[in-house]
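*Asks:* the following block contains a protein sequence and its predicted model.
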Amino acid sequence: MNIGKNPGSKLQKTIIMKTLIAAILFSSATILTAEAQTDRNQNPTKTPAQTQPQNSNRASDDNVRMHTDKMSKDLNLNEDQKKRLHEQNTTMYRDNQKLNQMTGEERSRMQKSQNDQYDKNLRGVLDENQYKTYETRRDAYRSEWNTTNQQPGRQGMEPAQQGTGGTGTEKPR
């Protein structure tokens with residue numbers, strides 16, 4: 001008997017072909033899923049903390065601008081002084097971001113050094129009366145700076161622990 005001429009055998013061949021195609025598609029989908037999972041394990045998706053620098057750049061620029069505007073108004077700065085203060089605040093903010101990666105004594109030393117350098121640089125921006133006013137408001141400015149410069153999970157810490165503008169000698173409030 002010739003199988004090719006039997007009408008039932010054509011139906012069987014179609015069923016077998018469809019079954020093979022379905023099995024191949026299922027196997028391919030399983031392999032692709034396993035490959036995608038392996039890639040994800042080797043190159044995990046960025047967490048929100050890893051994407052924060054991109055998102056926080058805009059926030060940090062806004063924070064620097066707000067802080068500069070407040071200080072400019074309080075200290076009655078001219079446009080040139082305001083521009084130079086903005087540069088100092090930008091540097092301070094970026095340096096403080098680096099401090100967020102440090103802990104312990106190294107962090108305290110770096111923080112004190114950064115604060116001292118910031119104050120020294122402001123002497124070159126402000127006149128004598130403006131600098132005296134700055135000195136009387138320095139703790140308030142740093143406290144405001146700390147509030148806008150906190151990382152998630154660091155809220156509620158003292159400025160020395162945050163690494164965001166305190167000298168490490170401030171008293172708990």
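*Replies:* Structure received.

*Asks:* if you count neighbours, what's buried in the one helix or strand residue 134 maps to?
*Replies:* Under the criterion of DSSP states H and E, residue 134 resides in helix 128-148. Going by neighbour count (16 or more other Cβ atoms under 10 Å), the buried part of helix 128-148 is 130, 133-134, 138-139, 141-142, 144-146, 148. Placement of C-beta: from N, CA and C, glycine included.

*Asks:* stretch 102-122 too?
*Replies:* Residues 107-108, 110-111, 114-115, 118, 121-122 are the ones in stretch 102-122 that count as buried (16+ other Cβ under 10 Å).

*Asks:* can you map out the strands along the protein?
*Replies:* Under the criterion DSSP state E, the chain contains no strands.

*Asks:* ranges for the helices of it?
*Replies:* 7-42, 48-75, 79-99, 104-123, 128-148, 159-162 (DSSP state H).

*Asks:* could you check the distance from residue 68 over to residue 82?
*Replies:* 7 Å (Cβ to Cβ, to the nearest Å).

*Asks:* looking at these two, which is more packed in?
*Replies:* Just comparing residue 68 and residue 82: by other Cβ atoms under 10 Å the higher neighbour count belongs to residue 68, 20 against 17.

*Asks:* understood, closing this out.
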